[in-house]
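# Sequence and predicted model, in that order:
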Amino acid sequence: MKNSAIKLVWFTTIYVFIFAGLCQTTITIPLIMSLDIIGIFLILYMVYNVLHDDYKTTKTFKDWYEDHPVKTLEEDED
């Protein structure tokens, strides 16, 4: 993902946590509802942005995980 996409994911995550915390306080219902509507559109925009990101990689499923190298899948089939 580009930096803009991952920054949007972090911003949306922080927004949702702040919104959940504000729901536990005594702020007015119209403010909570407007923050909820903003949050819904923010989540939808985040999903759209991440799915349409032009991220390219040379990795395949045969590469497995970089932090846990194992034999390739072709070698396991033998």
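Great, that's in hand. Numbers count the residues shown, from 1 in each chain.

# Let me know the distance separating the spatially most central residue of the chain from T58.
Closest to where the C-alpha atoms of the chain average out (CA atoms, centre = their mean) is V9, at 4.5 Å. Taking CB to CB, to the nearest Å as the measure, V9 and T58 are separated by 23 Å. From N, CA and C alone the C-beta is placed, and that goes for glycine too.

# Buried residues of stretch 24-35, list them for me.
Using 16 or more other CB atoms under 10 Å as the test for burial, stretch 24-35 gives L35.

# which other residues reach that stretch?
Under the contact criterion CB atoms under 8 Å, 6 or more residues apart in numbering, stretch 24-35 has outside partners F19, L22, C23.

# Who wins on neighbours among those residues?
Ranked by neighbour count (other CB atoms under 10 Å), the contacts of stretch 24-35 have F19 at the top, with 15 neighbours.

# For stretch 28-47, output the C-alpha coordinates as CSV.
Below are the C-alpha coordinates for stretch 28-47, written out as CSV (Å, rounded to 0.1, in the frame of the first residue of the first chain):
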residue,chain,number,x,y,z
THR,A,28,-25.4,15.0,23.2
ILE,A,29,-27.1,12.5,21.0
PRO,A,30,-27.0,14.7,17.8
LEU,A,31,-23.3,15.1,18.1
ILE,A,32,-22.8,11.3,18.6
MET,A,33,-25.1,10.7,15.5
SER,A,34,-23.2,13.2,13.3
LEU,A,35,-19.9,11.6,14.4
ASP,A,36,-21.3,8.2,13.6
ILE,A,37,-22.4,9.3,10.1
ILE,A,38,-18.9,10.8,9.5
GLY,A,39,-17.4,7.5,10.7
ILE,A,40,-19.5,5.4,8.3
PHE,A,41,-18.4,7.4,5.3
LEU,A,42,-14.8,7.4,6.5
ILE,A,43,-14.8,3.6,6.8
LEU,A,44,-16.4,3.3,3.3
TYR,A,45,-13.8,5.7,1.8
MET,A,46,-11.0,3.8,3.5
VAL,A,47,-12.2,0.4,2.1
